[in-house]
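Colleague: Have a look at this prediction, sequence included:
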Amino acid sequence: MDPITLFSLLIIGLVAGVASGFVGIGGGLIIVPALVAFAGLGQHAAQGTSLAMMLPPVGILAVMQYHREGEVHWAYAAVLCVTFIAGAWGGSKWSLKWSEAWVKLVFGLVMLYAALRMLFQAWLALKPSVES
């Protein structure tokens, strides 16, 4: 694993951990898109790697299936796991210092951004190509 990839994984895990502790989100909403965008993984590999990172608490059967298909990057999952734990601890402490209304606002904005981005990408993928 090269230093840039390692640095990217450390940041992704930390941000996802903070988001998880702060507003209860992380794996699917942050880690999967970030692995696709910043680590160059395909969607299936990103999902498998995200699940592997969360293997101890959830998803063991799903991870086994992704692993059988070669869609889990174990080294990435390990780095993400460590930083996710640290970020979740910090994010939860941070969240508890904010009012519930502010936390709900942040959560809503993150969800809105994710939904709009997903809808836009799907629209572009489904949009019929214009032939010249």
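Modeller: Received it, and whenever you're ready, just let me know what you need. Residues are numbered from 1 along each chain as shown.
Colleague: Not counting residues beside it along the chain, what's closest to the residue positioned nearest the centre of the chain?
Modeller: The centre of the chain sits closest to I31, judged by C-alpha atoms, centre = their mean, with a distance of 1.3 Å. In this structure, I31 finds its nearest non-sequential neighbour in S50, 4.4 Å apart by C-beta to C-beta, 6 or more residues apart in numbering. Just so you know, the C-beta spots here come from the backbone N, C-alpha and C atoms, and that holds for glycine as well.
Colleague: thought the one you found was touching G28?
Modeller: Yes. Contact criterion C-beta atoms under 8 Å: S50 and G28 qualify, at 6.8 Å.
Colleague: Compare those two (neighbour count), which wins?
Modeller: S50 (30 against 15; other C-beta atoms under 10 Å).
Colleague: list the contacts for that one?
Modeller: Residues near S50 by C-beta atoms under 8 Å, 6 or more residues apart in numbering: 27-28, 31-32, 35, 77, 80.
Colleague: sorry, back to before: quick one: the residue nearest to I31 from L35, how far?
Modeller: Distance of S50 to L35, computed by C-beta to C-beta, to the nearest Å: 7 Å.
Colleague: Selecting buried members of the contacts of S50 in PyMOL, what would you type?
Modeller: Restricted to buried positions by 16 or more other C-beta atoms under 10 Å, the PyMOL selection for these reads:
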select buried, resi 27+31+32+35+77+80
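Colleague: Export the contacts of S50 as CSV, with columns for pLDDT and distance to T5.
Modeller: Formatted as CSV, the contacts of S50 follow (pLDDT from 0 to 100; distance: C-beta to C-beta, whole Å):
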residue, pLDDT, distance to T5
G27, 64, 19
G28, 71, 21
I31, 86, 14
V32, 81, 16
L35, 88, 10
A77, 91, 13
L80, 91, 12
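Colleague: so of the contacts of S50, which ones are in helices?
Modeller: 32, 35, 77, 80 (DSSP state H).
Colleague: Of those, which is the nearest to G17?
Modeller: Comparing these against G17 with C-beta to C-beta places L80 closest, at 8.8 Å.
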